[in-house]
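**Q** Sharing a model that was predicted from the sequence below.
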Amino acid sequence: DYESALGRDCTTLSRHVLQQLQSFSADAQDLSALMSRIALAGKLISRHLSRAGLMEGVLGFTGDVNVQGESVKKLDVYANDVFISVFKQSGLVCRLASEEMEKPYYIPENCPIGRYTLLYDPIDGSSNTDINMSLGSIFAIRQQEGNDLDGEAKDLLQLGSKQIAAGYILYGPSTILVYSIGKGVHSFTLDPSLGEFILSEENIQLPQHGSVYSVNEGNFWQWDESIREYIRYVHRTEGYTARYSGAMVGDIHRILVQGGVFLYPGTVKKPEGKIRLLYESAPLAFLVEQAGGRAITGTQDIMDVVPEKLHQRTPLIIGSKDDVALVESFIQRHA
Ligand code: AHM
Ligand code: MG
């Protein structure tokens, strides 16, 4: 009916954050403002992506190689800059650290009062950019601890439990924002005509088990025998289905809704795998644990890994409790 439709249309993201915190304290206002800024970045990137094919010079490579040794796409740079410009004006964030920048980006004018750091992967699934497939952005907010006078951001090298908020934006047929401030996981869908993220689902819970396994099987002979054994098990057992898009945010969103497991294990060439801890694995682990799932490296909970450096990678096995436990049992058997 009319009233319930109106109620549904009116739960915006910033209102939801304040409702969750049940307070108008300074911290609650900050968090609400931070989430609104992230939403703004999501709207700008979403708009750009939806028109990318119509504009000259938006797709393709820049010709540069980033700190990770990966070729940089023009959209990586664009999205990275969107977050910077959005937070420059926020007054809240002193540092931004992303996949695309070797060192954090400082906003000195925000530093005396700005007590937060934004960690983010501006475009997740870069190989999907030029083919109109789903993409994502991943984010986490941490409180600044210490002065960081040497610009090394050593205070960021701490456990995942130091995250005060985390989530992702999925740019698919619609744009969806999923976030947690440690009080459950909630999803919002962008209504482009309103320019607002509107609440879609509150307190999302991952099923204990799902049929999906999501992994790049092209790496089969690069993996440890334990992972190969797990995949062989899945192949000969009824009821499993493979889904892998090349953009983890989409694959993990599917798992969040339907259950299952996503894996990016270490390989012979890259024992730590590909996924970066501070702005990919840790935020996703925070979210998935909040939704009743699990995230491990294989031998340790992702949330317990203390990073040694900003761009550190970890193997990642994430999803439904039972499915993660099954992979873990194969790893333990081969240890
Ligand atoms: P990116 O942030 O540089 O795009 O890397 C992360 C992405 C994930 O989204 C995706 O699951 C994975 O890399 C795909 O890598 P691969 O092509 O090795 O399977
Ligand atoms: Mg990424």
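**A** Right, received. Where do you want to start? Ligands and ions are numbered 1, 2, ... in the order given.

**Q** Show me what from the chain comes close to ligand 2.
**A** 121, 124 (Cβ under 5 Å from the ion). Just so you know, the C-beta spots here come from the backbone N, C-alpha and C atoms, and that holds for glycine as well.

**Q** and the longest helix for the chain?
**A** Ranked by residue count, the top helix of the chain under DSSP state H comes out as helix 26-51.

**Q** helices or strands up against that helix?
**A** Counting contacts by 3 or more Cβ pairs under 8 Å, 6 or more residues apart in numbering; DSSP states H and E, helix 26-51 is packed against helix 13-21, helix 74-88, strand 116-124, strand 135-143, strand 163-171, strand 175-180, strand 186-191.

**Q** got the contact list for the residue nearest in space to the middle of the chain?
**A** Nearest to the mean C-alpha position of the chain, counting by Cα atoms, centre = their mean, stands I138 at 3.0 Å. With contacts defined as Cβ atoms under 8 Å, 6 or more residues apart in numbering, the neighbours of I138 are 120-121, 124, 167-168, 249, 279-280, 283-284.

**Q** Kindly report the same for G246.
**A** G246 neighbours (Cβ under 8 Å, 6+ apart): 125, 127-128, 133.

**Q** how distant is the host helix or strand of S226 from the center of its chain?
**A** Following DSSP states H and E, one finds S226 within helix 225-236. Its chain's C-alpha centre and that of helix 225-236 lie 27 Å apart, by Cα atoms, centre = their mean, to the nearest Å.

**Q** ok, now stretch 117-137?
**A** Worked out by Cα atoms, centre = their mean, stretch 117-137 lies 10 Å from the chain centre.

**Q** Buried residues in that stretch, which are they?
**A** The neighbour-count check on stretch 117-137 (16 or more other Cβ atoms under 10 Å) flags 117-126, 128-130, 134-137 as buried.

**Q** Residue ranges in the stretch 1-150 of the chain under the pLDDT threshold?
**A** 1-9, 114, 149 (pLDDT under 70).

**Q** Spell out which residues of it are next to ligand 1.
**A** 70, 99, 121, 124-127 (Cβ under 6 Å from any ligand atom).
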